[in-house]
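**Student:** Got a sequence here, can you model it:
(chains A and B)
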Number of protein chains: 2
Amino acid sequence: MRDVAVIGVGINKWGEHWKTSLRDLAVEAALKALEDAKVDAVDSIQIGCMSGGLFAGQEHLASLVADYLGCAGVPASRVESACASGGVAFKAAYAEVAAGLSDAALVLGVEKMTDVGGDEATYTLGTAADQEYECYNGATFPGLYAMMAVRHMHEFGTTRRQLSMVAVKNHDNGLKNPDAQYHAKLTPEEVERSSMVADPLHLLDCSPITDGAAALVLCPLDRAKKLSGHPLVKVLGVGHATDAIALHSRKNLVRLDAVEKAAARAYKAAGVKPSDIDLAEVHDCFTIAEIMVTEALGFAKPGEGGKLAASGATALGGKIPVNTSGGLKSKGHPVGATGVAQILELVQQLRGEAGGRQVRKAKVGLAQNMGGTGGSSTVSILGKA
Amino acid sequence: MRDVAVIGVGINKWGEHWKTSLRDLAVEAALKALEDAKVDAVDSIQIGCMSGGLFAGQEHLASLVADYLGCAGVPASRVESACASGGVAFKAAYAEVAAGLSDAALVLGVEKMTDVGGDEATYTLGTAADQEYECYNGATFPGLYAMMAVRHMHEFGTTRRQLSMVAVKNHDNGLKNPDAQYHAKLTPEEVERSSMVADPLHLLDCSPITDGAAALVLCPLDRAKKLSGHPLVKVLGVGHATDAIALHSRKNLVRLDAVEKAAARAYKAAGVKPSDIDLAEVHDCFTIAEIMVTEALGFAKPGEGGKLAASGATALGGKIPVNTSGGLKSKGHPVGATGVAQILELVQQLRGEAGGRQVRKAKVGLAQNMGGTGGSSTVSILGKA
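**Tutor:** Reported below is the predicted structural model:
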């Protein structure tokens, strides 16, 4: 296994891009990453996309994007694991470079979600759950996460205000990220006054529907030392795991087994522990998700994620800043792109290129990406080389 | 890189399975492969599926199937490259085992296509083409392949009867495959009298809509020697390439660049040449496709694939038997499963377990899987260990 570096990153401004197609979003981010990496060719492409078919009527996306990128011929695959598609695509590319099968791999994440109506978007996102046993019986993702939130509040005394503090913090961070979908300072009261979606989750507890793409270029560390003009960022470890996809099949509604397993694998591969992490990007598709994930990653004890969020420890300048990019909440959540953009944020932070949201002396960062209600998860740990 | 063996294969009878769900099709094939391999656990799952979203309202399929297989927790990814999804999933698993990242990998291919109507199926299959520039302007897959066929006839004098001979041969072979969708002996006249779909392609030039799954278990060759009760089958080389996805963007309508590149990579990795291949499974989604693919693989000179088919060389007992399984034409074409089932056929042949369709003294087999009109292709070469 070779050491692997991330030498290029690219992203477009996330939001509603009604005049830009799925392929153009992907190509734009890819070209930025290639330019950032100062390479003009790759020998492998992995694309994370959750549902090109339902959102945009386009499968076979890897060949399409390779072609429009001017790379027709290059082996290109699409990888899908619902909202963890980006993280799984990163893992696939990491494995190829580590194994010696690729010397320059492009990782793309992309989703074009706003070309369909709200009902279609809800249906499509429901394909990340157990459609036949959950969604056909009336469940939606806000409803599923609401059940997890209710149980978390019941078991651990997690409060409505603690949920709000996650949204407030992530929107504060998003104000400092020019590529974020939303730039709006929130108060806890505004979160709690926003429309009820599924009790206890209000509109401002939920991540939005977003169009966007993000891209990375990976190569062996030895090659990176010759190529890159940026401070070097190395992949320390990647973990991946699954869990029962349906919430009703879980042993426990308030534990995220896939995240715990993926984290254990990543920590072991990287040779680090939770207290070594200087910043983390986590999958805050709903505010309760960030609370549960910080527990699963070992930043808080089980049940104490709400307290951690309310304590300020996860804010910029806190002990373990979480979602400095603004997270899914404020940066947006083009589902297939999210896992790739999380790693992009780590790279920018570890390079010291994160501008107003820079975490001082950041040496080790962690990105956690999740599919469905936790049916799959990846955890990737990167560090300054 | 470690040597890799295929130690288990599983498939269900392909056809219209209105009472069996997508997940159950996948689990059935997977359990058969695990039983055949005599292993009860895997540490990696790769699933090829083209469009669980549009055909069955289900993405996040890898987690779903891992769960229903009793393997929740195991890292599981879905890989998609239209009708080449199965071949690309095999490649991903091969890379993991070869690189030392997995010691037992399950490869699954599955598609459930008959739960939607004909219009929806045509739309969904169109997502393998350039939907915005080809299908929205009226093209369908039979139409696209018909254009390729017309050009092939014009340039090389390929005849209507040569197309028919591909269908006749593959249905002859399918009669000997109990898992094939269709068991019907055809005459060339019957092919030519069947309904016109897109001139010059008749109904019996086209592969069908199919429900089905296929599965393989891969492990390092060293481990296989201890485990398997079957004659050992080794992966000799895998190639993968892309091409412009839209037919109008190709330099040439009668050359399949992705197949040629994937084949060159596979031949090089395996250290063999076309004349070393004892049998091949190729992507005969339409009769013209088999003719063009045999040329791209080097079994015939450019333009002479029609003559090769009509000569009997590709029939059982011929110089280079092609599609002994019945091919997509007779065995069926559950798009995500096809690439996996092609490799299953090679394994059965190389083990000497192919029954009435056994190729005598088969030592080296090749499987070629293709997405769209050739926008992507994999070529995998296996041999007796």
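**Student:** can you give me the helices in the stretch 101-250 of chain A?
**Tutor:** All helices of the stretch 101-250 of chain A, identified by DSSP state H, counting those that start in this stretch, fall at A:118-126, A:141-156, A:160-174, A:188-193, A:221-227.
**Student:** what's next to the first one, contact-wise?
**Tutor:** Spelled out, that is helix A:118-126. Applying C-beta atoms under 8 Å, 6 or more residues apart in numbering or on different chains, the external contacts of helix A:118-126 come out as A:51, A:54-55, A:113, A:116, A:134-135, A:139-141, A:209, A:335, B:53, B:57, B:59. Glycine gets a C-beta too; all of them are placed from N, C-alpha and C.
**Student:** What mean pLDDT does that helix get?
**Tutor:** Helix A:118-126 shows a mean pLDDT of 94.
**Student:** Pull out the buried residues from that helix.
**Tutor:** By neighbour count on 16 or more other C-beta atoms under 10 Å in any protein chain shown, the buried set for helix A:118-126 is A:121, A:123, A:124, A:125, A:126.
**Student:** so how far is that helix from its chain's centroid?
**Tutor:** 20 Å (C-alpha atoms, centre = their mean, to the nearest Å).
**Student:** by how many degrees do that helix and helix A:141-156 diverge?
**Tutor:** Orientation of helix A:118-126 against helix A:141-156 (axes from the mean of the first three to the mean of the last three C-alpha atoms, to 10 degrees) gives an angle of 60 degrees.
**Student:** List every C-alpha atom in helix A:118-126, with coordinates, as PDB.
**Tutor:** The C-alpha coordinates for helix A:118-126 follow below in PDB (Å, rounded to 0.1, in the frame of the first residue of the first chain):
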ATOM      1  CA  GLY A 118     -40.800  18.800  -4.100                       C
ATOM      2  CA  ASP A 119     -42.800  15.500  -4.300                       C
ATOM      3  CA  GLU A 120     -40.300  14.000  -6.700                       C
ATOM      4  CA  ALA A 121     -37.400  15.100  -4.600                       C
ATOM      5  CA  THR A 122     -39.000  13.500  -1.500                       C
ATOM      6  CA  TYR A 123     -39.600  10.300  -3.400                       C
ATOM      7  CA  THR A 124     -36.100  10.200  -4.700                       C
ATOM      8  CA  LEU A 125     -34.500  10.900  -1.400                       C
ATOM      9  CA  GLY A 126     -36.800   8.100   0.000                       C
END
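**Student:** Quick check: the nearest residue to residue A:151 once chain neighbours are set aside vs residue B:279, distance?
**Tutor:** Closest residue to residue A:151 apart from its sequence neighbours, by C-beta to C-beta, 6 or more residues apart in numbering or on different chains: residue A:253 at 4.3 Å. According to C-beta to C-beta, to the nearest Å, residue A:253 stands 53 Å off from residue B:279.
**Student:** So those two - more neighbours on which side?
**Tutor:** The residue with more neighbours, out of residue A:253 and residue B:279, is residue B:279; 27 against 19, by other C-beta atoms under 10 Å in any protein chain shown.
**Student:** who touches the helix or strand bottoming out on mean pLDDT in chain A?
**Tutor:** Lowest by mean pLDDT, DSSP states H and E among the helices and strands of chain A is helix A:221-227, with a mean of 92. Residues outside helix A:221-227 that contact it (C-beta under 8 Å, 6+ apart) are A:2-5, A:7, A:37-39, A:103-104, A:219, A:232, A:234, A:385.
**Student:** Get me the contact residues on the stretch 151-300 of chain A for chain B.
**Tutor:** Proximity of the stretch 151-300 of chain A to chain B, by C-beta under 8 Å from any C-beta of the partner chain, involves residues A:240, A:241, A:242, A:243, A:244, A:245, A:246, A:249, A:257, A:258, A:261.
**Student:** re the thing from before, which of the helices of the stretch 101-250 of chain A sits closest to residue B:272?
**Tutor:** Among those, the nearest to residue B:272 by C-beta to C-beta is helix A:221-227 (30.9 Å).
**Student:** what about residue A:257, how many neighbours?
**Tutor:** Neighbour tally, residue A:257, other C-beta under 10 Å: 20.
**Student:** That one and residue A:367: what is the separation?
**Tutor:** Taking C-beta to C-beta, one finds residue A:257 at 19 Å from residue A:367.
**Student:** again with residue A:245
**Tutor:** 22 Å.
**Student:** still on that earlier bit, between the residues of the stretch 151-300 of chain A next to chain B, which sits nearest residue A:284?
**Tutor:** Using C-beta to C-beta, residue A:258 is the member of these that lies nearest residue A:284, at 16.1 Å.
**Student:** what's the spacing between the closest one and residue B:175?
**Tutor:** 46 Å.
**Student:** Show me which of these two is the more surrounded one.
**Tutor:** Taking neighbours as other C-beta under 10 Å, residue A:258 and residue B:175 compare with residue A:258 leading, 31 against 17.
**Student:** Which pLDDT does the model give the residue nearest to residue A:151?
**Tutor:** Confidence score, pLDDT, at residue A:253: 96.
**Student:** Helix, strand or coil: sort out it for me.
**Tutor:** coil (DSSP: H, G, I helix; E, B strand; the rest coil).
**Student:** Check the gap between it and chain B for me.
**Tutor:** Plainly put, residue A:253 is 15 Å away from chain B if you go by C-beta to the nearest C-beta, to the nearest Å.
**Student:** List the contacts of that residue.
**Tutor:** Residue A:253 neighbours (C-beta under 8 Å, 6+ apart): A:147, A:148, A:151, A:152, A:247.
**Student:** tell me the two of these that are most distant?
**Tutor:** Farthest pair in the contacts of residue A:253, by C-beta to C-beta: A:152 and A:247, 12.9 Å.
**Student:** I'd assumed residue A:308 was in contact with residue A:300.
**Tutor:** Yes. Counting by C-beta atoms under 8 Å, residue A:300 touches residue A:308, with 4.1 Å between them.
**Student:** Run a quick neighbour tally on the residue nearest to residue A:254 when sequence neighbours are not counted.
**Tutor:** Using C-beta to C-beta, 6+ apart and skipping the chain neighbours, the partner closest in space to residue A:254 is residue A:152 (4.9 Å). Neighbourhood size, residue A:152 [other C-beta under 10 Å]: 23.
**Student:** quick one: pLDDT of residue A:152?
**Tutor:** For residue A:152, pLDDT reads 98.
**Student:** do you know how far it is from residue A:287?
**Tutor:** From residue A:152 to residue A:287 the distance is 11 Å (C-beta to C-beta).
**Student:** now swap in residue A:118 and tell me
**Tutor:** 21 Å.
**Student:** Spatially nearest residue to the closest residue to chain B within the stretch 1-150 of chain A, not counting backbone neighbours?
**Tutor:** Using C-beta to the nearest C-beta, the closest approach of the stretch 1-150 of chain A to chain B is made by residue A:99 at 3.1 Å. Closest residue in space to residue A:99, ignoring its immediate chain neighbours: residue B:99 at 3.1 Å, by C-beta to C-beta, 6+ apart.
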